[in-house]
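Peer 1: A predicted structure for the sequence below; I have some questions about it.
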Amino acid sequence: MTPDTLAALHRAAFTRERPWSAQEFADLLANPHTQLSASEHGFALWRGIAGEAELLTIAVDPAHQDRGIGTQLMNSWMSEAAGTCTSAFLDVASDNASAIALYTRQGFEIIATRTNYYHRPDSRADALIMRTSLPFSVSRKSSGGLRPQGGAGADSPLPTQSALRKVSLHHTCPNGQKAVDPTPPLRPNPL
Ligand SMILES: CC(C)(COP(=O)(O)OP(=O)(O)OC[C@H]1O[C@@H](n2cnc3c(N)ncnc32)[C@H](O)[C@@H]1OP(=O)(O)O)[C@@H](O)C(=O)NCCC(=O)NCCS
């Protein structure tokens, strides 16, 4: 995915937050610690430093949500991060119920709240800081059944694993680096 494609998808998915520009995506991708997991209709951007992974943003095209793409993207980047990182962090608006549900299913737990962290055109929203240990357990659906991890069956809307194109831009989590700052200056905007 190009920075223009990422920006267009981000703009379509995030209706309440300021969309990230193509230049902001280009700058993030130029960072040696940033990695992208992408499929045809969504992407997750994350980075790993000193054994800690941080989800920078995740977005699925609204026309393709609720089909398991977000779960597949989470599984993809967390699997990759588990190769070099032992914990993962993210932040999410406290009123973003679907994202919180997705992260909780992935094993994330709330560890802190930042009041009025997100600035919206007409309001502010709190941020929940969430954390999980890596490697992670496979995601489970709310019914308790296992979510397919390696590709969908013929009757499932889940994308196949091969459809998820993981773009490793650089090595992550090099030893001796400063731990991830929970409010890093690198990010153009919170999730
Ligand atoms: C959050 C986001 C990435 C989730 O992506 P998604 O592709 O819709 O996620 P999934 O399809 O994996 O899961 C969403 C729902 O579909 C359900 N689902 C997933 N796979 C399914 C399947 N095979 N069959 C039926 N339902 C399925 C999940 O149980 C989940 O339901 P629930 O949240 O109501 O319990 C997406 O909604 C998005 O881009 N939102 C806007 C941007 C945003 O808020 N990003 C996160 C900021 S922190």
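Peer 2: Received it, and whenever you're ready, just let me know what you need. Treat the numbers as computed from the prediction; the structure is a model and nothing was measured.

Peer 1: C-alpha only now, for contacts and for neighbours.
Peer 2: Will do.

Peer 1: close enough to count as contact, S79 and P135?
Peer 2: Yes - between S79 and P135 there is a contact at 7.1 Å, judged by Cα atoms under 8 Å.

Peer 1: shared neighbours of the two, anything?
Peer 2: Taking Cα atoms under 8 Å, 6 or more residues apart in numbering as the criterion, S79 and P135 do not both touch any residue.

Peer 1: Provide a list of residues in contact with N116.
Peer 2: N116 neighbours (Cα under 8 Å, 6+ apart): R124, A125, D126, A127.

Peer 1: where does the protein dip in pLDDT?
Peer 2: For the chain, applying pLDDT under 70 flags the ranges 138-191.

Peer 1: for it, longest helix please?
Peer 2: For the chain, the helix with the greatest residue count under DSSP state H is helix 69-82.

Peer 1: what about that one and the ligand, any contact?
Peer 2: Yes - residues of helix 69-82 contacting the ligand under Cα under 6 Å from any ligand atom: I69, G70, T71.

Peer 1: ok, the closest residue to the second one other than its chain neighbours - contacts?
Peer 2: Spatial nearest neighbour of G70, excluding adjacent residues (Cα to Cα, 6 or more residues apart in numbering): V60 at 6.4 Å. Listed by Cα under 8 Å, 6+ apart, the contact set of V60 reads L9, H10, A13, H41, G42, F43, I69, G70.
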